[in-house]
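> Provided below are the primary sequence and the corresponding predicted coordinates.
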Amino acid sequence: MRFILALIAVLTAPMTAHAAGLPPNILLVIADDMGVDASPCHAEGSDLVRMPVLTALCRDSMVFDAAYASPTCSPTRATIMTGRYGSRTGIGGAIRPDNAVTLDDGEVSLFDRLAETGRYSAALIGKWHLTADAKDYGHPARLGVDHFFGLYSGGAKDYSDWTAVEATGGTAREVEVKTYATTEISNRAIDWITVQSGPWFLWLAYTAPHSPFHVPPADLHSFSDLAEDAQSIQRAPQRHYFAALQAMDTELGRVLGAIDPQVRANTIILFIGDNGTPGQVRRADGMRDRAKGSIYDGGTRVPLVVNGPGVTPGRTSALVNTTDLYATILGLAGGTSNAADSIDFRAVLSGQAQTQRGHAYVEHFSNARPKGAGSTGWAIRDGSHKLVQREGAGAELYDLAADPDERQNLLASPSPAATAIANRLKAAREALLR
């Protein structure tokens, strides 16, 4: 029943134009460990994942087919927060004990820029994962986040028994939570949204469907026969991963349904995954080495969906980096961005074919050894070709139109044309990082 109610809430929400003179509310939703192969709005995942709320949302949205994030979560979040590539912020890999880096609180954050407009209240609810100091609860406030609630590190050990951090108005405390994490994060989002009296921005960062793979509450998903013991889940976790996605979808529907219809009519919703799907739950296509943690498309191409007033529904092949969310969100809010790595893609939302971004760029670097199928290095692509440079390996070039799975390296026996394309992309990278 909750699936149906959540879906109705989305389908019946009005999508009218901006209220006269009012800046839009902005809801940024981030799914943790969700690549395009786990998206019902993209061909790769359309027959695998049942997410009726997101599916309905996509029908009235601009859906991006070439949106790129970092291969792991911390650098993606840092690019959104700062509008700058990891090579500038120092956040190039997931923050963990053997990669103890922290986003410098001297960065001019998205929240700092929103505050400069003098109009927006703002909050971040969900996952933080931008500091190596697990007890430095003042870090969000120093980056301009006046209200934070959620998981402070990379993931919860138990979705139904976890510790949250609540930091508001200069004070912070730990909160022991027994409510299912996706539900509690949604509860907190609803509580915050419903008391706002003016324009607002909410960064809603779900920890789902990130591991540990588990059995969500039965009323949040449609699977009835999921194994509950750890060994069985470890052997075959894919359906548990899908169940966590469905649970997130259901709770997102509840969040959207709780927004007053007049407020919803003036709300822009951006939904994005923070990196590719983990290798152990990717679709069975023999590409587990091209998953989360890798600089191939399987690790970096993510679903991006934008919905709301002024957005022309459809699909676009326009190239987008997660850095671009910074300038775009500020543009929607009437703010300004000086971040050189961030390009405002609002023109695409109104139906134009492209942005000023001629290349999508991803990088992965860390003091720690990559886990699983992870790889460090960088990759850059234009509208047709992608150059991949893994650390300690030779360059690779792929024709994405003919070879979207990146299996035929055109530099293995390079032709003059392939060499010229590779050199052009290498020069484009050097220009991006000047």
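It's in.
> How much space separates the closest residue to residue 349 other than its chain neighbours from residue 347?
Nearest residue to residue 349, sequence neighbours excluded (C-beta to C-beta, 6 or more residues apart in numbering): residue 311, at 4.8 Å. Every residue, glycine included, has its C-beta placed from N, CA and C. Here residue 311 is placed at a distance of 12 Å from residue 347 (C-beta to C-beta, to the nearest Å).
> Those two: which has the busier surroundings?
residue 311 (21 against 16; other C-beta atoms under 10 Å).
> wait, the more buried one sits on residue 62?
Yes - with contact defined as C-beta atoms under 8 Å, residue 311 reaches residue 62; the gap is 5.4 Å.
> Quickly list what's touching both of those two.
residue 349 (C-beta atoms under 8 Å, 6 or more residues apart in numbering).
> Mind jotting down where the strands sit in the stretch 151-300 of the chain?
162-168, 171-177, 200-205, 267-273 (DSSP state E, counting those that start in this stretch).
> what angle separates the last one from strand 200-205?
Orientation check (axes from the mean of the first three to the mean of the last three C-alpha atoms, to 10 degrees): strand 267-273 against strand 200-205 gives 20 degrees.
> Not counting its own residues, what contacts strand 267-273?
Strand 267-273 has contacts (C-beta under 8 Å, 6+ apart) with 24-36, 38-39, 54, 57, 61, 67, 69, 256, 259, 302-311, 322, 325, 329, 332.
> try 6 Å
24-31, 34-35, 302-308, 332 (C-beta atoms under 6 Å, 6 or more residues apart in numbering).
> if you look at the residues you listed, which of them are in helices?
Here DSSP state H is the test, and the contacts of strand 267-273 give residue 332 as lying in helices.
> Among the contacts of strand 267-273, which are located in strands?
Judged by DSSP state E, the contacts of strand 267-273 include 25-31, 302-307 as members of strands.
> circling back: surely the residue nearest to residue 349 forms part of a helix?
No - under DSSP: H, G, I helix; E, B strand; the rest coil, residue 311 sits outside any helix and is assigned coil.
> what about residue 175, distance to residue 214?
Residue 175 is 21 Å from residue 214, by C-beta to C-beta.
> quick one, which of these two is more surrounded?
In terms of neighbours (other C-beta under 10 Å), residue 214 is the more surrounded of residue 175 and residue 214; the figures are 23 against 12.
> Identify the residues contacting the nearest residue to that one once chain neighbours are set aside.
Residue nearest to residue 214 in three dimensions, not counting chain neighbours: residue 159, with 5.6 Å by C-beta to C-beta, 6+ apart. Residue 159 makes contact with 180, 181, 214, according to C-beta under 6 Å, 6+ apart.
> In CSV, list the residues you listed along with distance to residue 415.
Below are the contacts of residue 159 laid out as CSV (distance: C-beta to C-beta, whole Å):
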residue, distance to residue 415
180, 55
181, 51
214, 49
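> and which of those residues is nearest residue 195?
Set against residue 195, the nearest of the contacts of residue 159 by C-beta to C-beta is residue 181 (22.3 Å).
> Just give the nearest non-adjacent residue to that closest one, would you?
residue 159 (4.5 Å).
> and the one you found, what pLDDT?
Looking at residue 159, its pLDDT reads 98.
> how far away is residue 247 from residue 317?
Separation of residue 247 from residue 317 (C-beta to C-beta): 31 Å.
> the more surrounded of the two?
residue 247 (29 against 11).
> so who does that one touch?
182, 216, 220, 221.
> Including neighbour count and pLDDT, could these go into a markdown table?
As requested, the contacts of residue 247 are arranged in a markdown table below (neighbours: other C-beta atoms under 10 Å; pLDDT from 0 to 100):
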| residue | neighbour count | pLDDT |
| --- | --- | --- |
| 182 | 25 | 98 |
| 216 | 26 | 97 |
| 220 | 22 | 97 |
| 221 | 24 | 96 |
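> and residue 134, helix, strand or coil?
Criterion first, three-state DSSP; result for residue 134: coil.
> Can you name the two of the ones in strands among the contacts of strand 267-273 that sit furthest apart?
Across the ones in strands among the contacts of strand 267-273 (C-beta to C-beta), the longest gap, 23.3 Å, separates 25 and 302.
> Quick check on the two: which one has the bigger neighbour count.
Between residue 25 and residue 302, counted using other C-beta under 10 Å, the more crowded position is residue 302 (29 against 25).
> nearest spatial neighbour of the more buried one, skipping sequence neighbours?
Per C-beta to C-beta, 6+ apart, closest to residue 302 is residue 273, 3.7 Å.
> do the same with residue 82
residue 107 (4.7 Å).
> would the one you found count as being in a helix?
No - in this structure, residue 107 is coil, not part of a helix, as judged by three-state DSSP.
> where exactly do the helices run in the stretch 51-200 of the chain?
52-59, 73-82, 86-89, 110-116, 139-142, 181-193 (DSSP state H, counting those that start in this stretch).
> Mind giving me the packing neighbours of the longest one?
Meaning helix 181-193. With contacts taken as 3 or more C-beta pairs under 6 Å, 6 or more residues apart in numbering; DSSP states H and E, helix 181-193 sits against strand 121-126, helix 238-258.
> any chance of those in JSON lines, with mean pLDDT and distance to residue 168 too?
Converted to JSON lines, the helices and strands packed on helix 181-193 look like this (pLDDT from 0 to 100; distance: least, C-beta to C-beta, whole Å):
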{"stretch": "strand 121-126", "mean pLDDT": "98", "distance to residue 168": "9"}
{"stretch": "helix 238-258", "mean pLDDT": "97", "distance to residue 168": "20"}
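> show me the contacts for residue 139.
Contacts of residue 139 by C-beta under 6 Å, 6+ apart are residue 131.
> Go again with 8 Å.
By C-beta under 8 Å, 6+ apart, the neighbours of residue 139 are 102, 103, 105, 128, 130, 131, 133.
> Would you mind measuring from it to residue 188?
Distance from residue 139 to residue 188, by C-beta to C-beta: 19 Å.
> what's the answer for residue 433, then?
According to C-beta to C-beta, residue 433 stands 38 Å off from residue 188.
> Looking at the two, which has the bigger crowd around it?
Between residue 433 and residue 188, counted using other C-beta under 10 Å, residue 188 has the larger neighbour count: 22 against 14.
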